[in-house]
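Student: Here is the input, now give the coordinates:
(2 chains)
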Number of protein chains: 2
Amino acid sequence: MPTSSSFTSLPSQVRALRCILCGAETLDPWAWSCDSCGPDSRMDVCYHPSGDLRERVAQRPFDQWRYRELLPLPEGAELPPIQVGGSPLSEAPRLAQALGLRRVWLKDDGRNPSASLKDRPSAMAVVLAAAAGSERVVCASTGNAASSLACLAASMGLPATIFVPQRAPAPKLAQLRIFGARVLRVAADYDTTWELCQRIATRRPWFNRNCAVNPYLVEGKKTVSLELADRLREQIPAWVAVSVGDGCTYAAVVKGLEEAHAAGFIPFVPRVLGVQAEGAQPLVRALEGDGRLELRSAETIADSIAVGHPRNFQKALDAARRNEGRFLAVSDAQILQGMRDGARLAGIFAEPAAAATVAGVAEARRRGILGSQDEVAILVTGNGLKDTATALTAVEGPEDVPADEAEIERRLAG
Amino acid sequence: MPTSSSFTSLPSQVRALRCILCGAETLDPWAWSCDSCGPDSRMDVCYHPSGDLRERVAQRPFDQWRYRELLPLPEGAELPPIQVGGSPLSEAPRLAQALGLRRVWLKDDGRNPSASLKDRPSAMAVVLAAAAGSERVVCASTGNAASSLACLAASMGLPATIFVPQRAPAPKLAQLRIFGARVLRVAADYDTTWELCQRIATRRPWFNRNCAVNPYLVEGKKTVSLELADRLREQIPAWVAVSVGDGCTYAAVVKGLEEAHAAGFIPFVPRVLGVQAEGAQPLVRALEGDGRLELRSAETIADSIAVGHPRNFQKALDAARRNEGRFLAVSDAQILQGMRDGARLAGIFAEPAAAATVAGVAEARRRGILGSQDEVAILVTGNGLKDTATALTAVEGPEDVPADEAEIERRLAG
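Tutor: So this is what the prediction gives:
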């Protein structure tokens, strides 16, 4: 917990932090778990009623700060100079036709500064860290959370320390180091690295960007829903689809849609389809079963959702129940097909975890969860350029031809 | 040249195509070189005076089609469903301080659909190809031109054929194949591949996306200047900087600024600093020497500007002279420094050719071309995720630590 701080009390638009288990509320902005429910409990940020926001936001820039009444932004907080959010939304009529749906929208969060949706919560983190006078921001990750934190911290001139496990791949470390983060590679697996990071960070004036414990990060993530609702208004589809790893993003997407509805942007709350990989589907199993979590190791090409132990399990489960949401899992082969479909039918190259969402929508149509008259907005959570190695396995190579004009002509005619 | 076509005459806002050598004009939209000056001559698109456009564009979406009075868009042309242009502009005060300049702006064209500025001209190409009823779009390239063409063609449902030379790297081919382009790998070098593509394409109803011969592509590229001018208006800096390979982009940036000035967006035309790599600096040599082009092989890590034979030499040279522009070259070591500076001081991870521009601004400051009171807008033409292998060479690795809390604490204290 930082010492010097302009973030010693909750911003005026925030009513309280509320325990997701017992509902107890607190006004302490640094109470990230509930006293009664213990250190594994999680908090949600609750706002004072905003009233209708449609007119109020209309003249603001289209980025994630546009919805400041629904964000834990301290008064006068410094924002990153680079644009976060405001990602493009496009219709994909040929993809819709291929999937057998009436209409498909794609929201391309791969256009964010470090090329994933995670830039939204990381931006929230660095803004609060700066407001709190934190000495550093810190997280344990090798994936999009880490690269987005390194990127956003650099944009604000804030030092970052990233703990990575032994097996972190070199290109991902390169991105962290390019942004100047201090990278500590721990001779251990991810879980041990995470625990070490957690213990070391909490005894320092560092800001912990860990979506599972930090209640403010979901607030950054939910802006993808606010933007979607703000753009589509009455045209909002009945379904939104997103891939699910540890559950934070799913919970955030639902929360954002609920708040967008309360703020007058959309006439109803769309149902949210959560897509997991077959090799990492604890939430699918919990929702199909008795609601209890069964931990298994994760095995899928979609590294951003390769989570065996979802640390925001309860938030995701609660959100799914409130939302009448659905969950399903897709195979790696389906994910590669989703990658080709998104690229070839809509011009959007998605990373495997985002392509899983395209595949999940196809699967939902196959199972009859979606019908031919349904409309869906697919959240593309990361850019395919983040993992070209997997993309290579999704396609066949080029056609080899000799440097012979007549021969090439014959090939083209054939 | 396509056969069936709604693009049989120039759009009404276009006055003529004009030969850049003799100034002769034509109304034939398919006359891509001048009858008098021969097949190596190049044409420029000239418009009827647009008058002041500031009010007229104000209510339109912020993407490259916003400036349609200054684009060769046929009436009612279909546009790609994905957003092209409208790239974010950010101030970079810490980078400005490090470079010893008053103010630095970064325009991040790495946020385009396939993550480079080349999406602008490729979007122009597919729009005209669709309007012309072309059967396919085609180009010879392994770089950003090819991936952007594959991406934009896919977004419009237009088939694409890409000719690549034998040595094209696998990850770049993956991106082309993901977007579903037909990729012909020719057992030859780039120049032979380019010539073969050219001959084969011109005898078919295919649309040739080759910036050196196709006069319309520069029109897509110039929109980066139009956006910059539109956003900054009276705040436009005295200098704009961009890296230079074959010269098309430089010429386009100057043309865009001139047209933005004529349309009332900016009070003067900024000077444009062109940055080449030391191992590929034919334009620097020509401008320092007698204006004649000396062909050499190109050798630099910045693949997007590794051009020994700039095929739009004359357009770039003319633009530099009209503009009082400056050219200089930077070393590969400077380019890597530019990559670290952009990422660490501004949160923008640029591909080597774009990092070269940051390095070039530093070099211009060192040489006194820029002074401490100068302001510069740097065009970031491509995303660093396109070439993480080079980024790996720009940084040192992580710090290895044991899975031992006390030992990590000692390191952090040290």
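Student: make it CA atoms for all contacts and neighbour counts henceforth
Tutor: Will do.
Student: In the stretch 151-300 of chain A, what residue comes closest to chain B?
Tutor: Proximity of the stretch 151-300 of chain A to chain B (CA to the nearest CA) peaks at A:Ser155, 4.2 Å away.
Student: Would you mind identifying the next helix or strand past the host helix or strand of that residue?
Tutor: Per DSSP states H and E: A:Ser155 is located in helix A:144-156. Tracing the chain past helix A:144-156, the next element assigned as helix or strand by DSSP H and E is strand A:160-165.
Student: Does at least one residue of that following strand sit close to chain B?
Tutor: No: if you take CA under 8 Å from any CA of the partner chain as the test, strand A:160-165 misses chain B, and the best it gets is 9.0 Å.
Student: Partner strands of that strand, with direction?
Tutor: Applying DSSP bridges, strand A:160-165 is found paired with strand A:136-140 (parallel), strand A:182-186 (parallel).
Student: Figure out which of the ones you listed is closest to A:Arg296.
Tutor: With distances scored as CA to CA, the stretch of the strands paired with strand A:160-165 nearest to A:Arg296 is strand A:136-140 (20.5 Å).
Student: Kindly export the closest one (C-alpha atoms) in PDB.
Tutor: Taking C-alpha atoms only, strand A:136-140 is exported to PDB below (Å, rounded to 0.1, in the frame of the first residue of the first chain):
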ATOM      1  CA  ARG A 136       6.400   1.200  -8.900                       C
ATOM      2  CA  VAL A 137       3.800  -1.000 -10.500                       C
ATOM      3  CA  VAL A 138       4.200  -4.700 -10.300                       C
ATOM      4  CA  CYS A 139       2.700  -8.000 -11.600                       C
ATOM      5  CA  ALA A 140       3.500 -11.600 -12.100                       C
END
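Student: picking up where we left off before, dump the strands paired with strand A:160-165 to TSV, plus mean neighbour count.
Tutor: Conversion of the strands paired with strand A:160-165 to TSV gives the following (neighbours: other CA atoms under 10 Å in any protein chain shown):
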stretch	mean neighbour count
strand A:136-140	25
strand A:182-186	23
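Student: Adding distance to A:Ala316 and mean pLDDT, write these out as TSV.
Tutor: Listed next are the strands paired with strand A:160-165 as TSV, based on distance: least, CA to CA, whole Å; pLDDT from 0 to 100:
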stretch	distance to A:Ala316	mean pLDDT
strand A:136-140	21	95
strand A:182-186	30	96
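Student: if we can go back for a sec, the residue of the stretch 151-300 of chain A closest to chain B and A:Gln83 touch, don't they?
Tutor: No: contact criterion CA atoms under 8 Å: A:Ser155 and A:Gln83 do not qualify, at 10.3 Å.
Student: which of these two has more neighbours?
Tutor: Legend: neighbour count by other CA atoms under 10 Å in any protein chain shown for A:Ser155 and A:Gln83, higher for A:Ser155 (28 against 24).
Student: so who does the residue nearest to that one when sequence neighbours are not counted touch?
Tutor: In space, and not counting its chain neighbours, A:Ser155 is closest to B:Gly347: 4.2 Å by CA to CA, 6 or more residues apart in numbering or on different chains. Contact analysis of B:Gly347 by CA atoms under 8 Å, 6 or more residues apart in numbering or on different chains lists A:Ile82, A:Pro113, A:Cys151, A:Leu152, A:Ala153, A:Ala154, A:Ser155, A:Met156, A:Phe179.
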